[in-house]
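> when you get a sec, could you give me coordinates for this:
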Amino acid sequence: QVQLKESGGGLVQSGQSLRLSCTDPATAFSILAMAWHRQAPGKEREFLAAISSGGVTDYADSVKGRFTISRDNYNNVLYLQMNSVKPEDTAMYYCAAGSNLVRATTAPHYWGQGTQVTVSS
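I've put the predicted structure just below:
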């Protein structure tokens, strides 16, 4: 069974970097497409980045060039490297998984519980 758990969130100053991690002990991790989404207070959940089992990536325009998604299939870990963060990046960040890249992006099968990122100006 897929159980996603995020970590790495916290308080960071504008312009700094932060790396989020998502672990999943399930043996199916390597065949799943993975993604990061976020939800700010009062806003809808927003897709950020996705990566297929083979390493193909996709990004939302809002984070392209600043955020990088990667995965370690040997250790079942998904990463989101966040550079040059801005106050508008403040949100709850969620790890998600799907059977393919489109599914992970638009309607994931599985969600983590989230990790809070707060960016101060």
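> hang on, Arg103 in a strand?
No. Applying DSSP: H, G, I helix; E, B strand; the rest coil, one finds Arg103 to be helix, outside a strand.
> count of neighbours near it?
Arg103 is flanked by 17 other residues according to other Cβ atoms under 10 Å. Yep, even glycine has a C-beta here, placed from its N, CA and C like the rest.
> got a list of what it touches?
By Cβ atoms under 8 Å, 6 or more residues apart in numbering, Arg103 lies in contact with Ala33, His109.
> distance-wise, check it relative to His109.
In this structure, Arg103 and His109 are 7 Å apart, going by Cβ to Cβ, to the nearest Å.
> ok, Thr27 next?
Note on Thr27: its distance to His109, by Cβ to Cβ, is 16 Å.
> neighbour count for those two, which is higher?
Set side by side, Thr27 and His109 show unequal neighbour counts under other Cβ under 10 Å, the larger going to His109 at 13 against 9.
> make sure the more buried one is actually in contact with Ala35.
No. When contacts are counted by Cβ atoms under 8 Å, His109 is not listed as touching Ala35 (10.9 Å).
> can you pull the residues that touch both of these two?
With contacts defined as Cβ under 8 Å, 6+ apart, the residues shared by His109 and Ala35 are Ala97, Gly98.
> can you count the residues close to Val12?
Close neighbours of Val12, defined as other Cβ under 10 Å, add up to 17.
> please, which helix or strand holds the residue most central in space within the chain?
With the centre of the chain defined as its mean C-alpha position, the nearest residue by Cα atoms, centre = their mean is Trp36, 2.4 Å away. Using DSSP states H and E, Trp36 sits in strand 33-39.
> residues in contact with the residue nearest to the centre of the chain?
Counting by Cβ under 8 Å, 6+ apart, Trp36 makes contact with 20, 22, 48-50, 67, 69, 78, 80, 93-96.
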